[in-house]
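>>> Sequence and predicted model, in that order:
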Amino acid sequence: MSSKGSSTAIDTIAQEANDDPEAGTLTDGFHLVIDALKLNDINTIYNVPGIPITDLGRYMQAEGLRVLSFRHEQHAGYAAAIAGFLTKKPGICLTVSAPGFLNGLTSLAHATTNCFPMILISGSSEREIVDLQQGDYEEMDQLAIAKPLCKAAYRVLHAEDIGIGIARAIRAAVSGRPGGVYLDLPAKLLGQTMDADAGAKSLVKVIDAAPSQLPAPDSVARALKVLKGAKRPLIILGKGAAYAQADNEIRALVEKSGIPYLPMSMAKGLLPDDHPLSAGPARSLVLKESDTVMMIGARLNWLLSHGKGKSWGDIPKKFVHIDIEPKEMDSNVEIAAPVVGDIGSCVQALLDGMGENWGAPPADWTDAITAKKETNIERMAPKLQNNNVPMDYQGALGVLRTIIKERPDAILVNEGANTLDFARSIIDMYKPRKRLDVGTWGVMGIGMGQAIAATVETGHPVLAVEGDSAFGFSGMEVETICRYNLPICVVVFNNGGIYRGTDVNPTGGADVAPTVFVKEARYDKMMEAFGGVGFLATSPDDLRRAVNEAMDSGKPSLVNAVIDEKAGTESGRIGNLNPQSVVSKK
Ligand code: ADP
Ligand code: TPW
Ligand code: MG
């Protein structure tokens, strides 16, 4: 590394201290970072080593932190982001400068978009050289680049500010609406020294990092009034509700009010999907026919068609919206009763306000939902039991549905297009925060990072259900899974391509179509290459045997599940979002 640049006051003091036999012991930037993290109960680091943070990772491990090295920063970042979701503590991703930082930045932006607390800590080059653009090793103005993509971004220049810098990063990540925070640590900072006692005193333990935010009493009264007037009420639970860990309060609210609920993808299992008040299998009906909708930790974004349009039908709706972020209110439609606060406090306030004799919604509403659910479930049942070869999505997912029912503690990670959409509706979840997926962006590549963090943070086994394209984005992390010997079973839904494996190049040229992969690829061999167990499954019976064996063994495993290459549809269930050419579609 370059040694150019002026020395700081701290360096000078430290040098004098070293020369003085009477002086106390010294600490340095490396150890202040570690001590600050430990003081705040942050014990796991998802990283990729290199200049200038290789030794930081080594010292972290020496000091008892768990340091997990990935093959690419994006996956370390997705791991950190989902660790934040699962634990309500910021997940930490540690990267090198410029390219490593940029690789991590995608996942930091993802964390922010999904409201997951995460801190991306990147080493950076010499400020003096970067700011004059003199071409330092991996030169980049990382702080400026990170700023628009995260909730907050900080840089620490002096060792004595490390404690404050980390405290600010933690508080920014978890308080209010959680999100991603960038923390820039220049190489020179890590080597700075200072008196150890003064260093210890400079550290900050963050007290009450995410304080309760109680809703205003009149907002609660207004919400109760709107709910009381409802003839066809509906609750929508989003991943903010899962994040809040107010599981008992939410369940009590649903059951006391008797209001049917629809879980968003990552809120599945907050109440078990087979709960009598689940309206999951009657989704279209409840969106169209409801007259009052209470959103709890879910945004009216594209995933809910912005709260209007065809899927919401013609019946005017009144919205009650519980969220910690005041700006979320009226983001897409008028909110009749905004309730701003943390979900635990808001839901408890509603429960208190409902009293003992709240009463159930009109029976014609709940009966209509139950009837629709039963019809849909009955219609689906035989499809889920089919034993077709090659497998279709229903046959393969019918098997995995049973496996999750039998193993409700396992965490399901899921990405792909058809593989995602079918799995989300077919696989029932029974416990909170057991379903992790592509989130708000529908991003491909979260799979292995999420799988790794899910088991590391919770100790539970993981079943990762992956489209073959989706898996490819993070496939090299199977080495990471094997290296740490993690109880992860990856099932690759191998239909030979993106959406389908059947596209052809219309010109007849040598290149295959843009959506098509190598035929009969053997993803199972990738896991075997690193000492894990590979399985090939061509029928639902094979799949059942393989996944059960893998989950029983707890060994890193990959099941290559051969799916009919004709079975999928373009973009799964969101093909309508593709723009259409007026010229032709060949
Ligand atoms: P989904 O994709 O499941 O619909 P979203 O990510 O759109 O969910 O919405 C999550 C919402 O939850 C965000 O608006 C966020 O501000 C909110 N949120 C997150 N944590 C809390 C909390 N503890 N209390 C209240 N709201 C929260
Ligand atoms: C970072 C676009 C959405 S879904 C998908 C892509 C490439 C893959 C679908 O194929 P898969 O599933 O996984 O094989 P299946 O069952 O339908 O065949 N880059 C990023 N994110 C997204 N969403 C894309 C591209 C996309
Ligand atoms: Mg595919």
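It's in. Ligands and ions are numbered 1, 2, ... in the order given.

>>> low-scoring pLDDT stretches of this structure, where are they?
Applying pLDDT under 70 to the chain picks out residues 1-23, 585-586.

>>> Can you name the residues of it that neighbour ligand 3?
467, 468, 469, 495 (CB under 5 Å from the ion). Glycine gets a C-beta too; all of them are placed from N, C-alpha and C.

>>> so who does the residue nearest to residue 303 when sequence neighbours are not counted touch?
Excluding the flanking residues, the one nearest residue 303 by CB to CB, 6 or more residues apart in numbering is residue 264, at 6.8 Å. For residue 264, the contact set (CB atoms under 8 Å, 6 or more residues apart in numbering) comprises 236, 237, 238, 239, 298, 303, 304.

>>> how about the residues you listed in CSV, adding distance to residue 340, neighbour count and secondary structure?
As requested, the contacts of residue 264 are exported to CSV (distance: CB to CB, whole Å; neighbours: other CB atoms under 10 Å; DSSP: H, G, I helix; E, B strand; the rest coil):
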residue, distance to residue 340, neighbour count, secondary structure
236, 17, 25, strand
237, 18, 25, strand
238, 15, 28, coil
239, 18, 27, helix
298, 15, 26, coil
303, 21, 15, helix
304, 19, 20, helix
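
>>> returning to that earlier point: helices - which of the residues of the chain next to ligand 3 land there?
Judged by DSSP state H, helices contain the following of the residues of the chain next to ligand 3: 468, 469.

>>> May I ask which two of the residues of the chain next to ligand 3 are separated the most?
Using CB to CB, the two most remote members of these are 469 and 495, lying 9.1 Å apart.

>>> Between these two, point out the one with more neighbours.
residue 495 (30 against 21; other CB atoms under 10 Å).

>>> wait, doesn't residue 541 sit right on residue 389?
No - counting by CB atoms under 8 Å, residue 389 is not a contact partner of residue 541; they are 9.3 Å apart.

>>> Tell me the residues of the chain that contact ligand 1?
Counting by CB under 6 Å from any ligand atom, the positions of the chain adjacent to ligand 1 are 114-115, 177-178, 238-240, 243-244, 264, 266-267, 297-299, 301, 303, 323-325, 328, 342-343, 440.

>>> Which positions in the protein make contact with ligand 2?
Within the chain, the positions adjacent to ligand 2 are 416-419, 442-445, 467-470, 493, 495, 498-499, 568, 572 by CB under 6 Å from any ligand atom.

>>> and if we set it to 8 Å?
Selection of the chain residues close to ligand 2 by CB under 8 Å from any ligand atom yields 106, 393, 415-422, 438, 441-445, 466-473, 493, 495, 497-501, 563, 568, 571-572.

>>> Any of the residues of the chain next to ligand 1 buried? List them.
Using 16 or more other CB atoms under 10 Å as the burial test, the residues of the chain next to ligand 1 include 114-115, 177-178, 238-240, 243-244, 264, 266-267, 297-299, 323-324, 328, 342-343, 440 as buried.

>>> Can you name the element that comes right after the one helix or strand residue 379 maps to?
Using DSSP states H and E, residue 379 maps to helix 363-384. Going down the chain from helix 363-384, the next helix or strand is helix 393-406, by DSSP H and E.

>>> Give me the most central residue, the chain.
With distances taken as CA atoms, centre = their mean, residue 82 lies nearest the centre of the chain, 4.1 Å away.

>>> That one looks like it's in a strand, true?
No - secondary structure of residue 82 (DSSP: H, G, I helix; E, B strand; the rest coil): helix, not part of a strand.

>>> My understanding was that it contacts residue 454; is that so?
Yes - Residue 82 lies in contact with residue 454 (CB under 8 Å); the separation is 6.5 Å.

>>> what does the domain assignment say about the chain?
9-202, 217-369, 385-577 (automatic domain parsing).

>>> ok, and the closest non-adjacent residue to the residue in the chain that ligand 1 sits nearest to?
Residue nearest to ligand 1 within the chain: residue 240 (1.9 Å; CB to the nearest ligand atom). Nearest-residue entry for residue 240: residue 297, 2.5 Å, with adjacent residues in sequence omitted and distances by CB to CB, 6+ apart.

>>> State the distance from the one you found to residue 373.
For residue 297, the distance to residue 373 (CB to CB, to the nearest Å) stands at 23 Å.

>>> just residue 170 next, same as before
Residue 170 is 43 Å from residue 373, where distance means CB to CB.

>>> higher neighbour count, these two?
residue 170 (27 against 20).

>>> Which residue is the nearest non-sequential neighbour of the more buried one?
residue 206 (5.0 Å).

>>> Surely that neighbour and residue 171 touch.
Yes - counting by CB under 8 Å, residue 171 is a contact partner of residue 206 at 5.6 Å.

>>> So these two - more neighbours on which side?
Taking other CB under 10 Å, residue 206 and residue 171 do not tie; residue 171 has more neighbours (21 against 18).

>>> can you give me the helices for the stretch 101-250 of the chain?
Under the criterion DSSP state H, counting those that start in this stretch, helices of the stretch 101-250 of the chain are mapped to 127-131, 142-146, 162-174, 187-191, 196-202, 217-228, 239-244, 247-257.

>>> Pick the most deeply packed of those.
Greatest average neighbour count among the helices of the stretch 101-250 of the chain goes to helix 239-244 (a mean of 26), per mean count of other CB atoms under 10 Å.

>>> Mind listing residues that contact that helix?
Contact partners of helix 239-244, identified using CB under 8 Å, 6+ apart, comprise 85, 88, 114-116, 178, 250, 264-267, 270, 296-298, 323-324, 342-344, 432-433, 439.

>>> Identify those among these that sit within strands.
Judged by DSSP state E, those include 296, 323 as members of strands.

>>> List the residues that contact the residue of the stretch 101-250 of the chain found nearest ligand 2.
Closest residue of the stretch 101-250 of the chain to ligand 2, CB to the nearest ligand atom: residue 106 (8.0 Å). Contacts for residue 106 (CB under 8 Å, 6+ apart) come out as 74, 77.

>>> Now do it against residue 138, distance only.
In this view, residue 106 and residue 138 are 18 Å apart by CB to CB.

>>> before we move on, what about residue 584?
The value you get for residue 584 to residue 138, if CB to CB is used, is 46 Å.

>>> The two: which has the busier surroundings?
Between residue 584 and residue 138, residue 138 has the larger neighbour count (other CB under 10 Å), namely 19 against 6.
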